[in-house]
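In: Build the 3D model from these lines:
(2 chains)
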Amino acid sequence: MNGAQDPGFFEMKAPFNLLWLQSAGCGGCSMSLLCSGARDLIGALEAVGIRILWHPSLSEASGAEVTRIFEQCLSGEVALDALCVEGALLRGPRGTGRFHRHAGSGVPMAEWVMKLAGVARHTLAVGSCAAWGGVAAAGENHTDACGLQYEGDQPGGLLGAGWKGRGGLPVINIAGCPCHPDWITETLAALALGAFGAKDLDSLGRPRFFADHLVHHGCTRNEYYEFKASAHKPSDLGCLMENLGCKGTQAHADCNIRLWSGGGSCARGGAPCISCTEPGFEEPGHPFHETPKLAGIPIGLPTDMPKAWFVALAALSKSATPKRVRDNAVADHQVVVPPVKKTGLK
Amino acid sequence: MTRIIVGPFNRVEGDLEVTLEVKEGVVAEAWAGSPLYRGFEQILRGKHPMDALMFAPRICGICSVSQSMAAAAALADAMGLAPAPNGRITRNLAHAVENVADHFTHFYLFFMPDFARAEYAGRAWHARAAERFRAVRGSAAAEVLPSRTAFLGAMGTLVGKWPHSLAIQPGGVARALEASEKIRLFGLLRDFRRHAETALFNDALEAVAALDSAAALARWAAERPRGDFGAFLEIADDLALARLGRGVDRFMSYGNYPQAESQFLPGGVWDGQLQALDAQAIAEDISHAWLDGETRHPARGETRPRDEKAAGYTWCKAPRLAGLPMETGALARQAVAGHPLARDLVAGEGANVRSRVVARLLEIAVILPEMERWAQQLVPGEPFCAQGELPQEGAGVGLVEAARGSLGHWLRIEGGRIANYQIVSPTTWNFSPRDADGTPGPLEQALVGTPAGEGNLAVQHVVRSFDPCMVCTVH
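Out: Numbers count the residues shown, from 1 in each chain, chains lettered A, B, ... in the order given. Got it, this is the predicted structure:
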């Protein structure tokens, strides 16, 4: 492409070969990807040079043809630019990996992933299962599930803490349960265009373009949050943080800026943010629909706010809550609408 | 006799491995293998019962709302709670959006691309099928994905997002729709209807839903300039798909889409006549699964993995109704609910590759107009979520229909915690292994007699005609 030396220009590598494997997950990140708002998802990927070698939900090749594609990548006959792994890696039982054998080859999926990651330029964990272990690692983690390069919040996982792909990057953790379609397509496009480097990852290996936001940003319940006018039961309009388990002020993602499914988000659907982009979200140590509290104060306060300030501000704002906000917070539709001022807005 | 292992099967949801014993080019015996075990039933034990609402949808990214619906129903049953009417309708709409989107996805992205394969070059329809349905590159994919996205865009309004919404609650939904959102929703449904009535059917949904016999379907196919359904029927006739993949021909459905007093699609068992479905007669046999334990009703079921077991060949249990394997899915659901076309197809050539696909598309035509009526029944301003109390000790059952068939959750609560949680999914029924009597599961039976071998795609058609969801199967 033009301007290889000019940082203002992209270096499109075409074809940028993509292989997608489903390990121990639900397929939800693939389903989410297919909800991309692109006019033509596959065309949009091709437009930035991305060629899908194989994807389990989309491709024609089946059975032995698939194993042959894997072998071609391993031998170097086909350059593997991006290995996308969806789902956790299962090491059990007893280190055999037999909780998930790859159909057809009988080889544990974790083994295929390890081999293919060894030849891939970039390896991407698509979703929180592949990134941290996620839901598959919940409870006693009896399948010994882990992420590609993390086990919960501990570096390590299947590939090991110091592992780097041939392109020089650690595993790129497109966390989320599921992840937003744009998180996947925009990360892939940036890689294919040579516009993605180590500085674009946060300290947990997540692309910063979505992980440098909090779910709280853009939340439509922010006025309720400001006044600590809280929901008490499902379908209340109020803030979900104080009572109903919402972690939006702590969770790294842009869910309320970049909306989901035609303009929604968890909080807009009346559901608390369960911080599904964070390692260990699946075992918060409390029921998901309840906010854990100490002496009546939520434990999970905004990460960068001193607790005393939060308590003081909350007390002050609660005492200053307009009736409209207080009443609407515990109703499922606005019972008091914002007044129309006759004097005009100043 | 040669034994071949077929897998991975792509364009099914999750991992599937099928072992075939082939004699003179025809399958003599088949074994369906589910090679992934995650253990949701183990994970859920000891958790707060409401946590099921977080974990259940994550069993499956394609049946996510169905899993939420079953969990919410089981919790509501334990609470003795009836949902608010608005909540019931909103949940039905979310569930129907997912089910219709799944049928649509299955047809265009999972099932039809096989007819574009080079193996069929030379057939009169092949060039057209290749242009339209080729995996990734066909003209349909570029059209279908944005249509599907727009349709699933209703989920943002209904339950916040898809997949994996926590908004589906025992008493309804956690989000009340406003009057303007009711309009938006209706518009989205009408927009998707347009797509279905042009590209898919080339006819009014009501005209397709009114087809009442195999003969009426044949007349319709001959008269209508073809849409994609017509293209399928032409291919199905040429390849005699109606003679491929004959199942056990015993059909079950839990019924779906609860109304105030009944279900829009009533449940039951159909084997030539309609019988009530006795859920107490369900038992899961584990003789060929890599599991320890004994045959039990799911309310008392258990899940203890044991990977070294000589008789085992899958992680999937073998559910049976009164000791018999049952087929579940759109054909079963429509036959049980009394649709005359589904019943006539089943009476004629039974469940087969063609009739399973026809029933799925028929169901799109039946449900979409109904969804438009439901959307209009919403009353903004009235409650969307009834509130209830969970018992410290109790039990609940949630029986729903996912796109691909009957899904049940059985919950027991002790000391305010989940003491047991058992899930029996549609493909657990359809792709179950042999039971203790050696009786094969529905797919295993359907594959017997299927031509197999290099260059023959019949096995692929039979497998995909069930619209399997393997991540649900073992969970």
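In: All the helices of the stretch 51-200 of chain B, in order from the start?
Out: B:52-55, B:64-79, B:85-105, B:126-133, B:139-152, B:154-159, B:179-195 (DSSP state H, counting those that start in this stretch).
In: Go through these and name the closest to B:Leu44.
Out: Proximity to B:Leu44 (CB to CB) singles out helix B:52-55 among these, at 5.9 Å. The C-beta positions use only the backbone N, C-alpha and C, and glycine is treated the same way.
In: Pipe the helices of the stretch 51-200 of chain B into a markdown table and attach mean pLDDT per row.
Out: Shown next, in a markdown table, are those (pLDDT from 0 to 100):
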| stretch | mean pLDDT |
| --- | --- |
| helix B:52-55 | 98 |
| helix B:64-79 | 98 |
| helix B:85-105 | 98 |
| helix B:126-133 | 97 |
| helix B:139-152 | 94 |
| helix B:154-159 | 98 |
| helix B:179-195 | 97 |
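In: Chain A is nearest to which of these?
Out: Closest approach to chain A among the helices of the stretch 51-200 of chain B (CB to the nearest CB): helix B:154-159, 2.8 Å.
In: Could you find the closest non-adjacent residue to A:Thr220?
Out: Nearest-residue entry for A:Thr220: A:Arg268, 5.9 Å, with adjacent residues in sequence omitted and distances by CB to CB, 6 or more residues apart in numbering or on different chains.
In: And for the one you found, the neighbour number?
Out: Neighbours of A:Arg268 under the rule other CB atoms under 10 Å in any protein chain shown: 24.
In: Let me see the contact set for it.
Out: A:220, A:256, A:259, B:156, B:160, B:175 (CB atoms under 8 Å, 6 or more residues apart in numbering or on different chains).
In: Tell me the buried residues within the residues you listed.
Out: Neighbour-count burial (16 or more other CB atoms under 10 Å in any protein chain shown) is assigned, among the contacts of A:Arg268, to A:256, A:259, B:156, B:160, B:175.
In: just to revisit the earlier point, would you list the helices of the stretch 51-200 of chain B in TSV and tack on distance to chain A?
Out: Listed next are those as TSV, based on distance: least, CB to the nearest CB, whole Å:
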stretch	distance to chain A
helix B:52-55	5
helix B:64-79	6
helix B:85-105	8
helix B:126-133	10
helix B:139-152	4
helix B:154-159	3
helix B:179-195	8
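In: what's the closest of the buried ones among the contacts of A:Arg268 to B:Arg343?
Out: Checking the buried ones among the contacts of A:Arg268 against B:Arg343 by CB to CB gives B:Gly156 as the nearest, at 37.4 Å.
In: Contacts only, for the closest one.
Out: A:259-265, A:268-269, B:162.
In: what does A:Ile172 give?
Out: The contact partners of A:Ile172, taken as CB under 8 Å, 6+ apart, are A:122-125, A:187, A:191, A:196, A:201, A:205-207.
In: now do 7 Å
Out: Applying CB atoms under 7 Å, 6 or more residues apart in numbering or on different chains to A:Ile172 gives the contacts A:122, A:124-125, A:187, A:201, A:205, A:207.
In: Which one of the residues in the stretch 201-350 of chain B is closest to chain A?
Out: B:Asp307 (5.0 Å).
In: and residue 306, how many neighbours?
Out: In the absence of a named chain, chain A is used. Neighbour count of A:Pro306, defined by other CB under 10 Å: 10.
In: Hmm, no, I was thinking of chain B.
Out: Using other CB under 10 Å, B:Arg306 has 13 other residues around it.
In: Is it in contact with B:Trp290, as I believe?
Out: Yes. Between B:Arg306 and B:Trp290 there is a contact under CB atoms under 7 Å: 5.8 Å.
In: Quick check, pLDDT for B:Thr328.
Out: For B:Thr328, the pLDDT comes out at 98.
In: give me every residue that touches the closest residue to A:Cys26 other than its chain neighbours.
Out: Nearest non-adjacent residue to A:Cys26, counting by CB to CB, 6+ apart: B:Gly61, 4.3 Å away. Residues counted as contacts of B:Gly61 (CB under 7 Å, 6+ apart) are A:26-31, A:178, B:163.
In: Okay then, goodbye and thanks.
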